[in-house]
Every structure is written in structure tokens, then in C-alpha cells.
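**Q** Sequence and predicted structure are below.
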Amino acid sequence: MISGGKGSFFSQPAFMPVAYALSAALVVAALAFFFTRVGFGNLVQTAPTGTSVGLTAQGTLEAYIVGAVQHPGVYRMPNGARIQDLLVAAGGAREGADLVRVNQAAFLFDGEEVYVPLIGEPFPTDVGGIILVNINVASAETMHLQLGVSLKTADAIVAYRLTHGSFTAIDQLLLVPISRSIYDRIKSMVTV
């Protein structure tokens, strides 16, 4: 109690801005602690493209970047990294690079190869092979974008996976159910 006053020091109007500032500081500190422990990228549970190789146990992945970049090569990146991060690690794009055709916002996957073309240059057919979409880890949005299926179909695949567990064979997509024509079109583009 402050002598001569009513109530405690903490109930005085002059103390209220300090109390609000301390409360805000505690919230910010708690969020900072959470994100340093969990990490922003680790909040993402799925990757946009799939391969049969998953994320590494050490919280990193390795990706290969070639084409119109300053320093082509294999780079170790944190899980949750995007193609833009890989491009920065490789020293950036060279003059004349056609970055419009490179989805820099896409998440990287372990073992992925990224090709950065020059303006007017076609993508080579022999670089990196086809990156298959892993239907056991890919999000509905990833399947929609990478496989060209409707969001309704992609959502149905994810719902089936969540209800029945991981796919063990590609032909189990027919159990989702999806049409035979969609299955025939995407079966060579997916993996389990």
C-alpha cells in the first residue's frame, strides 16, 4: 500500500500503461520462445512435391540447383526451405535467367533438382528426371497444382489417406474413388 492513497500501487492509473507493456512483452517473449523451439518451417506438415525420399532426420534436406545460377551445386537447406532460399544459397540467378518460369515459393524436397532456365530456353528433358508427387505426404493444394486434378479430387485423396492410412500402392487411388481416366493420366506422376 502507498501511504495516504487508496488501494495498492498496481491499481493506480499511472501504472496501467506499464502493466499493458509488460503483458505485451510477455506474449512476444512466449511467441519468440515457441518459434525458436518449433521453427517456422516445421509448422508445415507437407511438402508441395513428393519423392520417395522424405525429409532427413537432422532437420535438413539436400537439393541440387543447376542452370542460370551463379554457383550450381548441391546445397544443404533447413526443412521448410523454399526454392527462393536455394536460389539465394547458390549466389542468385545469372543475368538472363528466366525466373518467371521458376516457382520460387515452392517448398524444397530432399533430393530435388531445380533447373533455372535462361529466357527463351526450353527446359531440358534430361535434367533431374521427373519428380513424383508422393500421395502419402503431399497436400491437396500440391496435388491440385502438380497433378492437374481438381481441388475436390485432391481433397478426396487426402481424406482417404487420413481415414484409411497411407497408400501402399498407386492403384489404391481407385478406392478413393477417382475416375479411371484421371487415374490413367496421373499414375505415372505419383509415388507412395
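**A** Yep, it's here.
**Q** Tell me the buried residues in the longest strand seen in the chain?
**A** As far as residue count goes, and with DSSP state E defining each element, the longest strand of the chain is strand 60-67. Across strand 60-67, burial judged by 16 or more other Cβ atoms under 10 Å covers 61, 63-67. (Each C-beta comes from the backbone N, C-alpha and C, glycine too.)
**Q** tell me which of the residues you listed is nearest to residue 159?
**A** In terms of Cβ to Cβ, no member of those lies closer to residue 159 than residue 61, at 27.4 Å.
**Q** residues touching the closest one, list them.
**A** Counting by Cβ atoms under 8 Å, 6 or more residues apart in numbering, residue 61 makes contact with 55, 76-79, 81, 108-112.
**Q** domain assignment for the protein?
**A** When the chain is parsed with automatic domain parsing, its domains come out as 9-38, 45-129, 133-191.
**Q** hmm, which helix or strand of this structure has the shakiest average pLDDT?
**A** Here the helix or strand of the chain ranked lowest by mean pLDDT, DSSP states H and E is helix 16-38, holding a mean of 59.
**Q** Residue 117: neighbouring residues, count only.
**A** 19 (other Cβ atoms under 10 Å).
**Q** Good, wrapping up.
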